[in-house]
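> how would this look folded up:
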Amino acid sequence: MRRFFTIFPAAVLAAGLSSFASAETLTLAPGQLMQSVLDRAQDGDVITLAAGEHKGSLRIERRVTLQGEPGAILTGNGEGSVIGVYGPGVEIRGLTIKGSGRDLQTMDSGIYLEKTAERALVENNRIIGNLFGVYVHGATGTRILNNVIEGLQNIRLAEAGNGVSVWNAPDVTIDGNTIRYGRDGIFTVSSRKDRFINNRFEKVRFAVHYMYTNDSEISGNVSIKNHVGYAIMYSNRLVIRDNVSYRDRDHGLLFNYANFAKIEGNLVAGGPRDDTPGTQEVASDERGMLPAASSSTQVGVRSGPGKCVFIYNANRNQFRNNWFERCEIGVHFTAGSEGNEITGNAFVGNRNQVKYVGTRDLDWSKDGRGNYWSDNPAFDLNGDGVADTAYRPNDLVDRVLWTAPSAKILINSPAVQVLRWAQAQFPALYPGGVVDTHPLIAPPPRPDAGRSLP
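Coordinates of the predicted model:
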């Protein structure tokens, strides 16, 4: 049954008992009291907002579907959340939602999902100009699919909310969303068994920010020109696969007290600097795809992550078949990280392939297979795809340059060249550090970069 309300709000109240005797599809015109209708709704009702601007902040406690016809806009009153959901199984789709309050303490959001709102579905909405886009405050089993979420612009970072915040909400799926502006694209804390897949992040601080969230998946996402792509902190047993970080400013992947993760098939790439003489911006091809890499990338003409990967006190992780390209540092490895497997990766055109300051020897190869290094002038006389000699990304000279950057003016001096020759002739002179005993002659397949750029 479909019913179109064009009557005055008082008449809606009077008709309440008969209108909601069974599950119905109800269409509301702009200007009607939606909260009165929601208060009297029955489980299974479908409430459709007609095209136009609807005013007011809503509270939903029944298992209903709230949807919009094309052009339907729901505008809050500038205080609290535009839609607060407190009942299970609610579906919200097809709306433009804007006008939340700006109080971080009360978690003012476009859509706020309380713990009792488990199994909520938020799909195909435009959630624009709210403090938080969607706040999942303990709502287990929530699905957030194919929305455009844009936070507040031109405000201080400390005053901004996140595109999607997840707190203590297991089994959440966030899939296919485009998230811009605000603090972090997705921020999760104290959760587990969540899936963040196929999302696109632009103009935020961290695209994905993990804190104390275990046994979860991050895959197929694209982060473009943010401060950090994927910041993984205090979280265990994650799968991080097939993500792209393109020209993020500080780090593509950051691991801090993250353990037992599988990091596979990710692409972290910078691009030529806009202001470098004789170079041009890396442009997408005619289909808007990420540019292809080249092992002959010119050093010193990049614009992108300071570090493709930063690994700080992160243990027992597997880094396999990733592509790290055109960063200031390919991998910064520090603070006693133990038991990490780093094999089958490609390090292409980074200014420094590895920064590791320590005394322990680390072999980044396993079962006769190491990594590809674009600056490794090695030979493969037996044709097995593995270089005949080991590759060391760091030596005594590198350590001097890290601790005394002004020494770079001596990098081409005869004394430095003699020191490097002596290390090559007498391996005992090498400091402890990273060595790849089975470096690859050719890079592995570059992860799929068929994702559109702005």
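> By mean pLDDT, flag the weakest helix or strand of the protein.
helix 9-14 (a mean of 39; mean pLDDT, DSSP states H and E).
> nearest residue to Lys366 other than its sequence neighbours?
Thr343 (4.8 Å; CB to CB, 6 or more residues apart in numbering). Every residue, glycine included, has its C-beta placed from N, CA and C.
> and the one you found, what does it touch?
319-320, 364-366, 369-371 (CB atoms under 8 Å, 6 or more residues apart in numbering).
> can you check Gly89 too?
43, 63, 118-120.
> Pipe these into a markdown table and attach pLDDT and neighbour count per row.
Formatted as a markdown table, the contacts of Gly89 follow (pLDDT from 0 to 100; neighbours: other CB atoms under 10 Å):
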| residue | pLDDT | neighbour count |
| --- | --- | --- |
| Asp43 | 96 | 11 |
| Arg63 | 97 | 18 |
| Glu118 | 98 | 19 |
| Arg119 | 98 | 15 |
| Ala120 | 98 | 27 |
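> What lies in contact with the top strand by length along the chain?
Longest strand of the chain, by residue count under DSSP state E: strand 206-214. With contact meaning CB under 8 Å, 6+ apart, strand 206-214 is reached by 162, 166, 183-192, 194, 196, 201, 216, 218, 221, 223, 226-238, 245, 248, 258.
> Which among those count as buried?
Buried residues within these, counting neighbours by 16 or more other CB atoms under 10 Å: 162, 166, 183-189, 191-192, 194, 196, 201, 216, 218, 221, 223, 226-233, 235-236, 238, 245, 248, 258.
> Which ones among the residues you listed lie within strands?
Per DSSP E, the subset of the buried ones among the contacts of strand 206-214 in strands is 166, 186-189, 191-192, 196, 201, 218, 223, 228-233, 245.
> Just list the residues touching the closest residue to Gly71 other than its chain neighbours, thanks.
The spatially closest residue to Gly71, leaving aside those adjacent along the chain, is Ala51, at 3.5 Å (CB to CB, 6+ apart). Neighbour list for Ala51: 68-72 [criterion: CB under 8 Å, 6+ apart].
> Ile179: neighbour count?
30 (other CB atoms under 10 Å).
> per-residue pLDDT, the closest residue to it other than its chain neighbours?
Spatially, and ignoring its direct neighbours in sequence, Ile179 is nearest to Gly163 (3.7 Å; CB to CB, 6+ apart). On pLDDT, Gly163 comes in at 98.
> go on, the one 4 residues further on?
Looking at Trp167, its pLDDT is 98.
> Just the mean pLDDT for the helix or strand hosting Ile149, thanks.
Assigned by DSSP states H and E, Ile149 belongs to strand 148-151. What strand 148-151 shows for mean pLDDT is 98.
> try stretch 198-216
Mean pLDDT, computed over stretch 198-216, is 97.
> hmm, back to that, give the buried residues for the longest strand of the chain.
Using 16+ other CB under 10 Å as the test for burial, strand 206-214 gives 206-211, 213-214.
> Now do it and strand 186-192, the angle between them.
Angle, strand 206-214 to strand 186-192, by axes from the mean of the first three to the mean of the last three CA atoms, to 10 degrees: 10 degrees.
> any idea how far strand 206-214 is from the chain center?
Mean-position distance between strand 206-214 and its chain equals 9 Å (CA atoms, centre = their mean, to the nearest Å).
> Over to stretch 259-268?
13 Å.
> can you list contacts of it?
229, 232, 235-246, 248, 252-253, 255, 290, 305, 308-309, 314-325, 327, 446-447, 449.
> hmm, back to that, show me which of the contacts of Ala51 is closest to Thr25.
Glu69 (12.0 Å; CB to CB).
> wait, that closest one sits on Thr96?
No. Using CB atoms under 8 Å, Glu69 makes no contact with Thr96, being 11.2 Å away.
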